[in-house]
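S.K.: Next input, structure requested:
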Amino acid sequence: MMNLLYITWNVDPVLLHLGNLEVRWYGLLWAIGLYLCYLIQAKLYKHERCPEDWADKIFLWMSLGVIIGARIGHCWFYEWHDVTLPWMASYCRAMNISTEPIQIFGWTFVYRNPYIEHPFYLLKIWEGGLSSHGGAIGLFIAAWLLNRKHFSKQPKFHTSMLWILDRLCIGVGVTATLIRLGNLMNSEIYGGVTDLPWGFIFVRDGQTEPCHPTQIYEMLYCIVALIVTKCMYRYGKAYRREGLLLGTFLLIVFVTRFLLEFIKNDQEAFEAGHLLNMGQLLSIPFIILAAWLVVRAYRRPMNPDTAVDA
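M.R.: Here you go, the predicted model:
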């Protein structure tokens, strides 16, 4: 429902029930995003006359990398809780986690992380908790392993981790867009109160005032990153400069993400009162890496070995 001042958002995050199993929009959009990324990769590899099985290999490795990385990233970066807070103390007792502050070299730390004390909790992915920064790290690691194990053994092709990621980032733009749509369907990760006419009241999250739909803002910059990198590949032949596509993609995504965090609500209580939240702190290394990749790409001569006329 919408009126002239705001949009009331009350979408059920569950698409359908199959007995005791719930099919949620978020999970479905993740799956569709990964599949579309696979189709894009298959088209790019066919265009560059790569072996036919490369698209299948990258789909498997990158899917595992992004999901495992996103899960571990969330649990490591965002699940630190102050055990002096009553609600956290109750949670720790229920989970059989000590509520005593940690003493290390005379320093007292009141934050504890249940996933460190109980690593098997990582497997409870159905309870939610995925980090885009962790997913990006997982993709980097998977690309390095994949190139080392498979792609670099093809003498006809001059591949590297960056070679893989330059092409992968185009498809990732589609996947990231759909994941943010999934966040919208979950009524999560939105911004502060706004009087703009496109503000959303997230009824299912208990909101009574319109807030910035930052999920939509993030969808838009993912679409921009997709269009820019696709055009650079197609018309600018940017694949001839190793790291340029990846660097451009990371700059668009993480600079915009850094700025949007100023209007987003904190994801966790420990972020309250900090100058920069966790999302911004994690974005800074990616921004620095992106700038270095772009500068590096233009300082090096174009690589004719990977040039494939479209």
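S.K.: then stretch 51-64 to PDB, C-alphas only?
M.R.: Backbone C-alpha positions of stretch 51-64 (Å, rounded to 0.1, in the frame of the first residue of the first chain) are rendered in PDB as follows:
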ATOM      1  CA  PRO A  51      37.100 -24.700 -22.400                       C
ATOM      2  CA  GLU A  52      33.500 -25.600 -22.100                       C
ATOM      3  CA  ASP A  53      33.700 -26.900 -18.500                       C
ATOM      4  CA  TRP A  54      35.100 -23.700 -17.100                       C
ATOM      5  CA  ALA A  55      31.700 -22.100 -16.500                       C
ATOM      6  CA  ASP A  56      30.600 -25.200 -14.500                       C
ATOM      7  CA  LYS A  57      33.800 -25.200 -12.400                       C
ATOM      8  CA  ILE A  58      33.500 -21.500 -11.600                       C
ATOM      9  CA  PHE A  59      29.800 -21.900 -10.700                       C
ATOM     10  CA  LEU A  60      30.600 -24.600  -8.200                       C
ATOM     11  CA  TRP A  61      33.700 -22.900  -6.700                       C
ATOM     12  CA  MET A  62      32.300 -19.400  -6.600                       C
ATOM     13  CA  SER A  63      29.000 -20.600  -5.100                       C
ATOM     14  CA  LEU A  64      30.700 -22.400  -2.300                       C
END
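S.K.: list the buried ones in that stretch?
M.R.: Buried residues in stretch 51-64, defined by neighbour count with 16 or more other CB atoms under 10 Å: W54, A55, K57, I58, F59, W61, M62, S63. The C-beta positions use only the backbone N, C-alpha and C, and glycine is treated the same way.
S.K.: tell me the strands in the stretch 1-150 of the chain, going along the chain?
M.R.: Counting by DSSP state E, counting those that start in this stretch, residue ranges of the strands within the stretch 1-150 of the chain are 7-9, 14-18, 21-24, 81-82, 102-104, 107-109, 111-112.
S.K.: quick one: T159 from L146, how far?
M.R.: 9 Å (CB to CB, to the nearest Å).
S.K.: Quickly name whichever of the buried residues of stretch 51-64 is closest to H133.
M.R.: Nearest to H133 out of those is M62 (CB to CB; 16.2 Å).
S.K.: Tell me which residues touch that closest one, please.
M.R.: Going by CB atoms under 8 Å, 6 or more residues apart in numbering, M62 touches C37, L139, A142, A143, L146, L168.
S.K.: Now the buried members of these.
M.R.: C37, L139, A142, A143, L146, L168.
S.K.: Return the member of those residues nearest to I201.
M.R.: C37 (32.8 Å).
S.K.: quick one: the closest one and T177 touch, right?
M.R.: No. When contacts are counted by CB atoms under 8 Å, C37 is not listed as touching T177 (10.7 Å).
S.K.: just checking, E242 is part of a helix?
M.R.: No. Counting by DSSP: H, G, I helix; E, B strand; the rest coil, E242 is not found in a helix; it is coil.
S.K.: Quick check, pLDDT for the nearest residue to it once chain neighbours are set aside.
M.R.: Distances taken as CB to CB, 6 or more residues apart in numbering place L162 nearest to E242, at 5.0 Å, with adjacent residues excluded. For L162, the pLDDT comes out at 93.
S.K.: do the same with W76
M.R.: For W76, the model assigns a pLDDT of 82.
S.K.: neighbours of it, just the number please.
M.R.: 15 (other CB atoms under 10 Å).
S.K.: you'd agree it is up against Y115?
M.R.: Yes. With contact defined as CB under 8 Å, W76 counts as touching Y115 (7.3 Å).
S.K.: can I see the domain layout of the protein?
M.R.: Taking automatic domain parsing as the domain assignment, the ranges for the chain are 7-47+159-302, 79-125.
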